[in-house]
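> Just a sequence and a predicted model for now, questions to come.
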Amino acid sequence: RWAARADALHTFRCSYKTVVDALEDLSMNYGDAKAGPFKLAITQFGFIISLVAVESILALLAPLSKMLQNKTCDLVEAVKEANMVSRLVADQRNDPVIWNGLYERAVEMAESVDVEPSRPRAPNVRQQHRQNVPADTISDYWKRNMFYPFVDHLTTELSDRLLQVEDRLLPRLRVGGC
């Protein structure tokens, strides 16, 4: 599933401007009642930055996902691959150059459809329905409120689903000479 999602997000990101233009055309020239709200939803900066960041991170998972779906899947090798992917995702989380590149890509996508980089307005009352970690810049806001939680969740899921079973595979790892 992860590989299919990564491929779908990549395709959507690459054809983003075309999709926005098609929705605009459907809304304006053909009276499609659903096209306008769809266009409005995908031209929010929060959607764009999430699309770029999630597509980038899920692309790292695609080889592992394909390995796990293979009929001849070797769990020992899958655990090794999961360890490598987990380290790679953690490295990307902590590398400001990676985040800056993702943010710039999102800004370029937003500019292509005349969307200004933004963040949700700061509430005057206590926020209950979304994270609202303080941030000085728009980039920092999305990094702290979207990117870090997503990457942390993904790393936790990898650990819970694949890496914690490593202990059960240790006898096999020792026999194999690892």
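Structure received. Just so we're clear, the structure is a prediction, and the values are computed from it rather than from any experiment.
> now R119, what's its secondary structure?
Put simply, R119 is coil when judged by DSSP: H, G, I helix; E, B strand; the rest coil.
> Could you report the neighbour count for the residue nearest to it when sequence neighbours are not counted?
Of all residues not flanking R119 in the chain, Y141 sits nearest, at 4.3 Å (Cβ to Cβ, 6 or more residues apart in numbering). No exception for glycine: its C-beta is placed from N, CA and C like everyone else's. Per other Cβ atoms under 10 Å, the neighbour tally for Y141 reads 22.
> tell me what the strand or helix carrying A106 is packed against?
Assigned by DSSP states H and E, A106 belongs to helix 96-112. The contact analysis (3 or more Cβ pairs under 8 Å, 6 or more residues apart in numbering; DSSP states H and E) places helix 96-112 against helix 16-30, helix 45-69, helix 138-142.
> For the residue nearest the centre of the chain, report the pLDDT, please.
By Cα atoms, centre = their mean, the chain has its centre lying nearest to V54, at 1.0 Å. In this model, V54 is scored at 92, pLDDT.
> So for stretch 52-69, what gets flagged as buried?
52-62, 64-65, 67-68 (16 or more other Cβ atoms under 10 Å).
> Next: stretch 76-95.
Quick answer for stretch 76-95 (16+ other Cβ under 10 Å): A78, V79, K80, E81, A82, V85, S86, V89, Q92, R93.
> on that earlier part again, for the helices and strands packed on helix 96-112, could you give me CSV that also reports distance to L9?
Below are these laid out as CSV (distance: least, Cβ to Cβ, whole Å):
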stretch, distance to L9
helix 16-30, 10
helix 45-69, 4
helix 138-142, 17
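> among these, which is nearest E157?
helix 45-69 (10.0 Å; Cβ to Cβ).
> how far does the helix or strand following that closest one sit from the chain's center?
Following helix 45-69 in sequence order, the next helix or strand is helix 75-94 (DSSP H and E). With Cα atoms, centre = their mean, to the nearest Å as the basis, helix 75-94 stands 16 Å off its chain's centre.
> CA atoms only for helix 75-94, dumped as PDB, please.
Presented in PDB, the C-alpha positions along helix 75-94 are these (Å, rounded to 0.1, in the frame of the first residue of the first chain):
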ATOM      1  CA  LEU A  75      11.900 -11.200   7.000                       C
ATOM      2  CA  VAL A  76      15.500 -10.900   8.100                       C
ATOM      3  CA  GLU A  77      16.300  -8.900   5.000                       C
ATOM      4  CA  ALA A  78      13.100  -6.900   5.500                       C
ATOM      5  CA  VAL A  79      14.100  -6.000   9.100                       C
ATOM      6  CA  LYS A  80      17.500  -4.900   7.800                       C
ATOM      7  CA  GLU A  81      15.900  -2.700   5.200                       C
ATOM      8  CA  ALA A  82      13.400  -1.300   7.700                       C
ATOM      9  CA  ASN A  83      16.300  -0.400  10.000                       C
ATOM     10  CA  MET A  84      18.000   1.400   7.100                       C
ATOM     11  CA  VAL A  85      14.800   3.200   6.100                       C
ATOM     12  CA  SER A  86      14.100   4.200   9.700                       C
ATOM     13  CA  ARG A  87      17.600   5.700  10.000                       C
ATOM     14  CA  LEU A  88      17.200   7.400   6.600                       C
ATOM     15  CA  VAL A  89      13.900   8.900   7.600                       C
ATOM     16  CA  ALA A  90      15.400  10.100  11.000                       C
ATOM     17  CA  ASP A  91      18.300  11.600   9.200                       C
ATOM     18  CA  GLN A  92      16.000  13.500   6.900                       C
ATOM     19  CA  ARG A  93      13.900  14.700   9.800                       C
ATOM     20  CA  ASN A  94      17.000  16.200  11.400                       C
END
